[in-house]
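K.L.:
Can you look at this prediction? I've put the sequence above it.
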Amino acid sequence: MKKTKVLFVCMGNICRSPTAEGVFAKLIKEKKVDHQFDIDSAGTHAYHIGEQPDLRSQKAARARDVHLSHLRARKVVMGDFEDFDFLLAMDDDNYTTLINACPAAHKHKVQYFLDYAPQLNEREVPDPYYGGEYGFERVLDMIEAASEGFLTSLQATQHRN
C-alpha cells in the first residue's frame, strides 16, 4: 500500500510546522494508522536549518504529550513538490512562497492546513514566535483541530475509492 506523504510548512520550521508534524504523528499513532503515512516538516526560509524546534513550542507540546525535540529544521527543496502528496502551508506568506516555487504539475498539492478546520473560521496559523505563552497554546489548539480534520478528510477519500 502506498503511503500518504505529508509535508507541513511554515517560515523557519521551528514553531508551527514541527508542532504540526508532532501533533499529526501523535494522532495517527493513536488511531493506529501511522504505517500509512510518511510525514515531515520544513520551512520556506533557511533561518534555522539544523536547529531543534523553539523551546516554547516544545514545552507547550510536551504538556500535551507531543514530543518535538528529535526534530530538526530544514528548508523546503524542489524535490519536495514531487515527493509529497500534500504540502500544507501555515499562512498566506508561506502558501504564496510555495505556490510560486512549485512546478505547475504539483500546484494542487499545496494547500492551507487550516482549510481542514473550517470550524475555526481562520485560514492562517499565526506565528507564535514573538508572542507570549498563550500564542503557543492557541497554535496547538488550531493544529489539533486541523490534524483531526485532515485525517478525517483523507479517510473519507479512501473509503470512496
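P.N.:
That came through, no problem. Numbers count the residues shown, from 1 in each chain.
K.L.:
Near Lys26, how many other residues are there?
P.N.:
The burial metric for Lys26, expressed as a neighbour count using other Cβ atoms under 10 Å, is 18. The way it works is simple: take the backbone N, C-alpha and C, and place the C-beta from them, glycine included.
K.L.:
For Phe86, see how far away it is.
P.N.:
Separation of Lys26 from Phe86 (Cβ to Cβ, to the nearest Å): 18 Å.
K.L.:
For the chain, which segments count as strands?
P.N.:
If you assign secondary structure with DSSP state E, the strands in the chain sit at 4-10, 37-43, 86-89, 110-112.
K.L.:
Now the helix or strand bottoming out on mean pLDDT in the chain: buried residues?
P.N.:
Least confident element among the helices and strands of the chain, by mean pLDDT, DSSP states H and E: helix 133-160 (a mean of 92). Judged by neighbour count using 16 or more other Cβ atoms under 10 Å, the buried positions of helix 133-160 are 135-136, 139-140, 142-151, 154.
K.L.:
And stretch 82-89, by the same measure?
P.N.:
Buried residues in stretch 82-89, counted by 16+ other Cβ under 10 Å: Phe84, Asp85, Phe86, Leu87, Leu88, Ala89.
K.L.:
buried ones in stretch 113-130?
P.N.:
By neighbour count on 16+ other Cβ under 10 Å, the buried set for stretch 113-130 is Phe113, Leu114, Tyr116, Ala117, Arg123, Glu124, Val125, Pro126, Asp127, Pro128, Tyr129.
K.L.:
With respect to pLDDT, which of those residues ranks lowest?
P.N.:
Looking at pLDDT alone, the buried residues of stretch 113-130 dip lowest at Tyr129, where the score is 88.
K.L.:
Apart from its chain neighbours, what residue comes closest to it?
P.N.:
Spatial nearest neighbour of Tyr129, excluding adjacent residues (Cβ to Cβ, 6 or more residues apart in numbering): Cys15 at 5.5 Å.
K.L.:
Quick check: the one you found vs Val66, distance?
P.N.:
13 Å.
K.L.:
With Asp34 instead?
P.N.:
14 Å.
K.L.:
And those two? Which one has more around it.
P.N.:
Each of Asp34 and Val66 has its neighbours counted (other Cβ under 10 Å); Val66 has more, 22 against 16.
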